[in-house]
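Novice: After the sequence you'll find the predicted model.
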Amino acid sequence: MMMTEYAGKSLLLAHGVPVPSGLLIHKSIQVQRWRQSYPAAIKAQVASGGRGKAGGVVRVNRQEEAEDAAQRLFALEFAGERPSALLIEPWVEHTRELYLAVTIDGDAGGYSTLYAPEGGIEVEDNAPIKYAFGAPQDFRAHALRALLSPIERDAAVRERVIALARRLLFIATSVDATTVEINPLAVLADGKLLALDAKIVRDEAAAFRQADIAAETTRARKREPRMVQRALAGNLMMVGLDGDIGLISGGAGMTMAGMDMLAAAGLKPACFLDCSSNPTPAGYQLAFDLLDAEARVKAILVSIFGGGTHVDRVAKTLKELMENRKSRKPVVIRINGTGRQRADAILQEAGLHNHPTLESALDAMVAAVQPR
Amino acid sequence: MMMTEYAGKSLLLAHGVPVPSGLLIHKSIQVQRWRQSYPAAIKAQVASGGRGKAGGVVRVNRQEEAEDAAQRLFALEFAGERPSALLIEPWVEHTRELYLAVTIDGDAGGYSTLYAPEGGIEVEDNAPIKYAFGAPQDFRAHALRALLSPIERDAAVRERVIALARRLLFIATSVDATTVEINPLAVLADGKLLALDAKIVRDEAAAFRQADIAAETTRARKREPRMVQRALAGNLMMVGLDGDIGLISGGAGMTMAGMDMLAAAGLKPACFLDCSSNPTPAGYQLAFDLLDAEARVKAILVSIFGGGTHVDRVAKTLKELMENRKSRKPVVIRINGTGRQRADAILQEAGLHNHPTLESALDAMVAAVQPR
Amino acid sequence: MSVLIDGASRILIYGIAGNFGRFSARDLVASGSVVVAGVATGRDTTPIEGIPVFPDAHTACRSAGATAAIVYVPAPAALDAVLEVLDAGCKVVVYPGDGLPVQDAIALRAAARQRGATLIGPNTPGLISPGKAKLGFMPSHCYTPGPLGLISRSGSLSYEAGWRLTSAGLGQSCCIGIGGDPVKGLNAAEAIELLHADHETTAIMYLGEIGGSDEYALARYAMRTDAKPTAALIVGAAAPAGKKMGHAAALVGSALDSQATKVAALRAARVHVADTLRSLVDAARAALG
Amino acid sequence: MSVLIDGASRILIYGIAGNFGRFSARDLVASGSVVVAGVATGRDTTPIEGIPVFPDAHTACRSAGATAAIVYVPAPAALDAVLEVLDAGCKVVVYPGDGLPVQDAIALRAAARQRGATLIGPNTPGLISPGKAKLGFMPSHCYTPGPLGLISRSGSLSYEAGWRLTSAGLGQSCCIGIGGDPVKGLNAAEAIELLHADHETTAIMYLGEIGGSDEYALARYAMRTDAKPTAALIVGAAAPAGKKMGHAAALVGSALDSQATKVAALRAARVHVADTLRSLVDAARAALG
């Protein structure tokens, strides 16, 4: 879960990292509250990256410009999200822009520090150097110094960057962040560093011990389409897609594999819908309700290979569910895994066909949705 | 630096630890904002312990009682501090009161967890059991479980306490706390735990990475007497005492040793004043200015044994300072340590006597302040 | 020789008293694995499914000689429970749960390595050496002994793959679920090394997905001159960018995360890549030669 | 034999290019200690006071064979600098700075122990084995060789005590400033053990204060049947309760923290306790017998 720039900078400031002194506004009229000098930067506050390239940061030289810019920015969308707030900051003069981040790195089995002596929105093209230390207790300033020395010749800047890298790690572990990125990190005329932007991504799994992650996750859900909101509320994993074949599956890998096979068969999945986190009668009922109610969904593929999920129980649930179901959308079933033999028997008894393979299920699906 | 209960509970809540839903008020009239049920608890918010014993927590049954209680509490002093706020909370029914804390423990070389199956204000008399694990990474839930099993027979409570102990440790390391104490920790009818109080002590040394510690340290200074405020602002360590002998010293141990020797000689120190954190001309000048301006101070003892502090520089400073000093309060000097021989020469040249021992300096001081 | 577990592995089920723990106990015993102990903290210690139950892992290991463990506790309790079984001396530990804070995963990975132990997980069904032992909850009927080493980021996909391979007569030496989270106790590179060193494994099949960089470890391995033949299936071709597909690590953030880029890198390293599940068995056959 | 340092100790000064580092270099060389290297990160490496300067501790230890270090950096940089000298292989490290977050002190204490090294500090002038070596900045003229082992929580008080003892002809085997913070690299109990094991030490003098519980370690030691004779001075009798007296740990919170309770416990253990500095030499004489 990505924090907005303003929330991220507040977190940096709370840990002693200097940021420009800004003003958060929720309506364009509030630009009038800006009492600091011009030129100023007005920045859309959204929970996604790529804002700079999408025109989400505007330099303004006087108040009228600022009001116009604020109106424009509030009307823009960034990765489908309208900014609910703008951040106004003094346009800070600086001599250089650096890139510094600490981020989770699977290869390192923990965290890495990333640094580039030239920051800015194109930084991902100029690959930063990486110090992969893994566990927080294995961070070594001297190892980072050895990596930075060849690429950062300004010793004073280098030492400040190293101290800041240590601080970003402290922040990441304290607030359960998977990424704490400052880009650009400005070098001021006096050699001090100032965080001109902040991208802090929090670990949703830590919501049980970080109340603000829990709150932000709830807010983020409200930005999802209604169908996805209902699925998530029912503890199903759902991502909305624009196809017409409803896919009810179990496990991230099998759900993606099912999507890929639908696509390979010329069909378009309407969703990623993983019921393995709630493989109960209520969970499957919700999945069917959502897909049955969605007009663009023409047919439903149930594709489950259960390990911890006992597919005989799934079969029993499907039997009851199909008996009471109103919708006439075709349903193709293929389940396998723990309790498979009992499952076959239950489905057969209910007059439901359990396809022996995904291939056979897909053939049936292609036939079912073929234009007549 | 101890946080108020309200600030401490906010921190607990931010980390997923349940606390009663309370209302903070800054004036007794704001009691009217309390919309939750009665009976309620009204609790003085102060940065010191022993509040319960001093009558800082009042149970009220209706709004009129609440207003009276609020007025009374705002007028009370706790360890010299008037509450700037009160916390109103529902009076929570519970079946038991426990004690749980994580705290810095020098013997353990790190943290210890403390637990008592009976909490409340008298807990320090019923010594809690201690699980001394030291470094955060060495906390082991199973080691704590082994200690708790004989004294906490309710297994469900025990498991919740163990999980909470882990959480308190996470909080302590995240926010640089030296103590996170919940007393009482209530067991509700459904077996869940609720923090009825919170005592969180933050590490002032971590102010550079915890902005709220820096801010609270600044606020706490403002509660100090004016003389102490000025000393701290000048980077001198000062504690105000009620005697009449000004003591200018260096190093905590020597300053305390000097106080003790003054007391043993029948004299009363007016302060603990340790200049070793700012052993500069400006620092000593400030020390003299403060003590010269304080009417009750009758005489000044300069007692310094310098290691990193070069006493020849101290002597030079004293020479210049005494030449320009207006006050006629007697000054007795005894300095020794690094650069001692040059110091002797400088003082002698300035007509100042450097006593060879603290004993001789004290004899001189006794003579100086003797009623004539 | 075998990978991580074999018939001599003495298994501890931590959290045996819960519903899933009881199911797993029955399932493991039915699979022929040697389950010697259960742990049920704060509960009574009457045997479950005929397995002795202990109040803590240390007692379980000392009394019953457990050497490997699978831990069934919710994510907020996982750090403490896994540390307990590691401290008790278990050298192979599976933590199947999902939703583990990545910071706790980092701590557990470091703790396991410090003790010379191997953690599998989080977010995994565990591992199985067909015909020898199982430390997980994958459906046993999907697996049969043979020469193919299988590594998977996804549980469900590994069952499907195992079932297809087994149905096609392609047996497996060991199937390791490395899990779908970004920080793993055993990552792809390490799992590959284990299979590389195992004499019973003649080819390696890897089931990957979008997001993360584990797939590139396979590409690097495949380019080694001493590499065993490799095959792979990478799912998520139809997944949109910027959306997390169930697994914490399954998200296309940059180009390197995409299925297409990964497949291209693997093909360049001469890995036999299946486009979808349809060609999985063919790819495995090609690798087995 | 000696405690922690002796004439064979090869000293590294980390942060030698600062004012205090330069002073300390002159002072240590003048004291007869063997200073073999300095480290100045991010600065040029021209020699200082005739001592070769290196860009990092690893190079300093490898090139100059440093075995012990004193680290002069401000508290926010201490964690990284001390980890660096520990990683470089220094077995005795002094961190004199005050204001170190206690959490960082915990991390450093753990790191030192893990490497079999000894950290002295934070908040200490270091240690001196008079006539052999000094790793600190206490005034050398206050000390002379002899049989008394000295432990102190306070720097300034230890100079005064050393000077009094030396003036009275009572020499010291080793004077260890364990520091005034609550969590110490070397705590009182551990310092006592070192002096107990040292054959040149015949009696132990401890300089303590209010707050914390280090003084009770001395009481416990003095009650052992094999204990060497002990003496102590505990300052802070005149300090009010609830106020921190300069040192982070010098605060009377509960009765156990007070000077009176500590003195009573020490006297009960037959430690020779001086009431104030006036009787310090007498107490030391009584212990030396």
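Specialist: Looks like it came in fine. Numbers count the residues shown, from 1 in each chain, chains lettered A, B, ... in the order given.
Novice: pLDDT score assigned to A:A220?
Specialist: What the model reports as pLDDT for A:A220 is 87.
Novice: Now do the contacts for the closest residue to it other than its chain neighbours.
Specialist: Of all residues beyond its chain neighbours, the one nearest A:A220 is A:M1 (6.1 Å), with distances taken as C-beta to C-beta, 6 or more residues apart in numbering or on different chains. Every residue, glycine included, has its C-beta placed from N, CA and C. Residues in contact with A:M1, defined by C-beta atoms under 8 Å, 6 or more residues apart in numbering or on different chains, are A:47, A:201-202, A:204, A:213, A:216-217, A:220.
Novice: Compare those and tell me which is most surrounded.
Specialist: Highest neighbour count within the contacts of A:M1, by other C-beta atoms under 10 Å in any protein chain shown: A:R202, with 25 neighbours.
Novice: C:C61: how many residues sit nearby?
Specialist: If you count neighbours by other C-beta under 10 Å, C:C61 ends up with 23.
Novice: do A:A215 as well
Specialist: Around A:A215 there are 12 other residues, counting by other C-beta under 10 Å.
Novice: again with A:R221
Specialist: If you count neighbours by other C-beta under 10 Å, A:R221 ends up with 12.
Novice: Give me every residue in chain A lying close to chain D.
Specialist: Residues of chain A lying near chain D by C-beta under 8 Å from any C-beta of the partner chain: A:137, A:140-142, A:145-146, A:155-156, A:158-159, A:162-163, A:166.
Novice: So which of those are in helices?
Specialist: Counting by DSSP state H, the residues of chain A next to chain D place A:141-142, A:145-146, A:155-156, A:158-159, A:162-163, A:166 in helices.
Novice: Tell me the spacing between the residue of chain A found nearest chain C and B:A14.
Specialist: For chain A, the residue closest to chain C is A:G253, as judged by C-beta to the nearest C-beta, at 2.1 Å. As judged by C-beta to C-beta, to the nearest Å, A:G253 and B:A14 stand 35 Å apart.
Novice: which of these two has more neighbours?
Specialist: Shown here are A:G253 and B:A14; by other C-beta under 10 Å, A:G253 has more neighbours (33 against 16).
Novice: hmm, which of the ones in helices among the residues of chain A next to chain D are the buried ones?
Specialist: A:141-142, A:145, A:155, A:158-159, A:162, A:166 (16 or more other C-beta atoms under 10 Å in any protein chain shown).
Novice: which two in these are spaced the farthest apart?
Specialist: A:A155 and A:R166 (17.0 Å; C-beta to C-beta).
Novice: Contacts for whatever helix or strand A:F74 lives in next, please.
Specialist: Assigned by DSSP states H and E, A:F74 belongs to helix A:63-75. With contact meaning C-beta under 8 Å, 6+ apart, helix A:63-75 is reached by A:25, A:27-29, A:31-32, A:34, A:38, A:40, A:42, A:44, A:56, A:58, A:60, A:82-83, A:86, A:88.
Novice: counting contacts, what elements does the helix or strand harbouring A:L321 pack onto?
Specialist: In this assignment (DSSP H and E), A:L321 forms part of helix A:311-324. Counting contacts by 3 or more C-beta pairs under 8 Å, 6 or more residues apart in numbering or on different chains; DSSP states H and E, helix A:311-324 packs against helix A:281-293, strand A:299-306, strand A:331-337, helix A:340-349.
Novice: Adding mean pLDDT as columns, could you present the ones you listed in a markdown table?
Specialist: Below are these laid out as a markdown table (pLDDT from 0 to 100):
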| stretch | mean pLDDT |
| --- | --- |
| helix A:281-293 | 96 |
| strand A:299-306 | 96 |
| strand A:331-337 | 96 |
| helix A:340-349 | 96 |
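Novice: so which of those is the most packed in?
Specialist: Across the helices and strands packed on helix A:311-324, the average number of neighbours (mean count of other C-beta atoms under 10 Å in any protein chain shown) peaks for strand A:299-306, which reaches a mean of 27.
Novice: which secondary structure elements does that one contact?
Specialist: Secondary-structure packing of strand A:299-306 (3+ C-beta pairs under 8 Å, 6+ apart): strand A:245-249, helix A:252-264, helix A:281-293, helix A:311-324, strand A:331-337, helix A:358-369, helix C:155-167.
Novice: Okay, angle between that strand and helix A:252-264 too, please.
Specialist: 140 degrees (axes from the mean of the first three to the mean of the last three C-alpha atoms, to 10 degrees).
Novice: Given strand A:299-306, what are its sheet partners and their directions?
Specialist: In its sheet, strand A:299-306 lies beside strand A:245-249 (parallel), strand A:331-337 (parallel), with partners assigned from DSSP bridges.
Novice: about what we covered before: mind putting the helices and strands packed on helix A:311-324 into TSV with distance to D:T118?
Specialist: Below are the helices and strands packed on helix A:311-324 laid out as TSV (distance: least, C-beta to C-beta, whole Å):
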stretch	distance to D:T118
helix A:281-293	58
strand A:299-306	57
strand A:331-337	58
helix A:340-349	63
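Novice: closest one to B:T103 among those?
Specialist: Closest to B:T103 of the helices and strands packed on helix A:311-324 is helix A:281-293 (C-beta to C-beta; 44.4 Å).
Novice: can you give me the helices for the stretch 1-150 of chain C?
Specialist: C:19-30, C:57-64, C:75-87, C:102-114 (DSSP state H, counting those that start in this stretch).
Novice: what about these, which gets the closest to B:G191?
Specialist: helix C:75-87 (16.7 Å).
Novice: Tell me the pLDDT of A:R372.
Specialist: On the pLDDT scale, A:R372 is placed at 64.
Novice: now the strands for the stretch 1-150 of chain A?
Specialist: Remark: strands assigned in the stretch 1-150 of chain A by DSSP state E, counting those that start in this stretch are A:23-25, A:40-45, A:57-60, A:85-90, A:96-105, A:110-116, A:129-134.
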